[in-house]
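1. here are the coordinates; sequence isn't available:
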């Protein structure tokens, strides 16, 4: 298994790097890991006259790896500029675009990734304020657009005033390293989501129709469960068809 760790922090050996290293250390000894500290590279956008050599070098590592670990701190409530610049410069290498500027998955489709970030505030503050949310949104927007599959995310909170990673967070990183090393080879996330969607619809339909029957008496006696079951099935099929069209078919046809 070949892993690529992309570190988009200002410090090569800071707290963020420490959490990333904890994940790497928990990988199997036979795993191959390439760690790229983005600040070591002179990264700039490709031009028609000349491609960026640094992007060529990093892209070769990206293509050779099976799993990407994207690690960058959260600054000003968003992804660090180092990582954001890299994503911006890599845009046309990560995706392909059609004649109407739709962004479609490129050659990295179906690779997997883990997102990691750090922030100054505590876990409780981050839970209520969501200061790291935009960081993950940016990473997910880029990599899902490229067709990669997300495995999970890690947040190292409470970095202000400290000089080393927190032990409990290091343990969490180690668990992530073990988890991504033993993840199933075949993904069944789509099936799980459709099953989850079915039960969500079933529960909401039960609540809605129960309230209708209680408040308005809209169903004839003895036909409630028949009406409920047919409603859930029809609603599920229609909604699943719409989601499938906009998620898969629409992009494939273009």
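-> The structure has been received and is ready for your questions. Given the structure is predicted, the values throughout are model-derived calculations rather than measurements. Numbering: from 1, shown residues only.
2. three-state assignment of the spatially closest residue to residue 90 that is not a sequence neighbour?
-> Excluding the flanking residues, the one nearest residue 90 by Cβ to Cβ, 6 or more residues apart in numbering is residue 55, at 6.4 Å. Any C-beta I mention is one placed from the backbone N, CA and C, and that applies to glycine too. Per DSSP: H, G, I helix; E, B strand; the rest coil, the local secondary structure of residue 55 is helix.
3. A strand includes residue 115, no?
-> Yes. If the criterion is three-state DSSP, then residue 115 is within a strand.
4. which strand residues bridge it?
-> Using DSSP bridges, the bridge partners assigned to residue 115 are residue 70, residue 153.
5. dump the residue contacts of the closest residue to residue 157 other than its chain neighbours.
-> Using Cβ to Cβ, 6+ apart and skipping residues adjacent in sequence, the residue nearest residue 157 is residue 123, 4.5 Å away. If you count contacts by Cβ atoms under 8 Å, 6 or more residues apart in numbering, residue 123 has them with 155, 157, 158.
6. report pLDDT for residue 213.
-> As summarised for this prediction, residue 213 has a pLDDT of 69.
7. quick one on the thing from earlier: quick check: the residue nearest to residue 157 vs residue 60, distance?
-> 38 Å (Cβ to Cβ, to the nearest Å).
8. quick check: residue 205 is in a strand.
-> No. Residue assignment for residue 205, taken from three-state DSSP, gives helix, which places it outside any strand.
9. okay, now it: neighbour count?
-> Applying the criterion other Cβ atoms under 10 Å, we find 18 residues in the vicinity of residue 205.
10. likewise for residue 199?
-> Applying the criterion other Cβ under 10 Å, we find 11 residues in the vicinity of residue 199.
11. okay, it: pLDDT?
-> Residue 199 is assigned 83 on the pLDDT scale.
12. numbering from 15 from now on, please.
-> Shifting the count to begin at 15 puts that one at residue 213.
13. so which strand or helix has it?
-> Element membership of residue 213, judged by DSSP states H and E, is helix 203-230.
14. report the buried residues of that helix.
-> Applying a neighbour-count criterion of 16 or more other Cβ atoms under 10 Å, the buried positions in helix 203-230 are 212, 215, 216, 219, 223, 227.
15. can you check stretch 138-157 too?
-> Applying 16+ other Cβ under 10 Å to stretch 138-157 flags 140, 145, 146, 149, 150, 152, 153, 154, 156, 157 as buried.
16. and it, average pLDDT?
-> Taken as a whole, stretch 138-157 carries a mean pLDDT of 93.
17. please apply the same query to stretch 63-80.
-> In this model, stretch 63-80 has a mean pLDDT of 96.
18. which secondary element of this structure has the worst mean pLDDT?
-> helix 264-267 (a mean of 37; mean pLDDT, DSSP states H and E).
19. before we move on, back to that, just curious, which of the buried residues of stretch 138-157 is nearest to residue 125?
-> Looking at the buried residues of stretch 138-157 and their distance to residue 125, the nearest is residue 157, at 8.7 Å (Cβ to Cβ).
20. quick check: the gap between the closest one and residue 123.
-> With Cβ to Cβ as the criterion, residue 157 and residue 123 are 11 Å apart.
21. what about the strands in the protein?
-> Applying DSSP state E to the chain gives strands spanning 16-21, 46-51, 81-85, 88-89, 92-93, 109-111, 117-119, 126-132, 163-170.
22. can you list those in CSV and add mean neighbour count and distance to residue 245?
-> As requested, the strands of the chain are arranged in CSV below (neighbours: other Cβ atoms under 10 Å; distance: least, Cβ to Cβ, whole Å):
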stretch, mean neighbour count, distance to residue 245
strand 16-21, 22, 47
strand 46-51, 16, 51
strand 81-85, 25, 42
strand 88-89, 22, 44
strand 92-93, 21, 43
strand 109-111, 15, 40
strand 117-119, 16, 36
strand 126-132, 25, 38
strand 163-170, 18, 33
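23. if anything else comes up later, I'll come back, but that's it for now.
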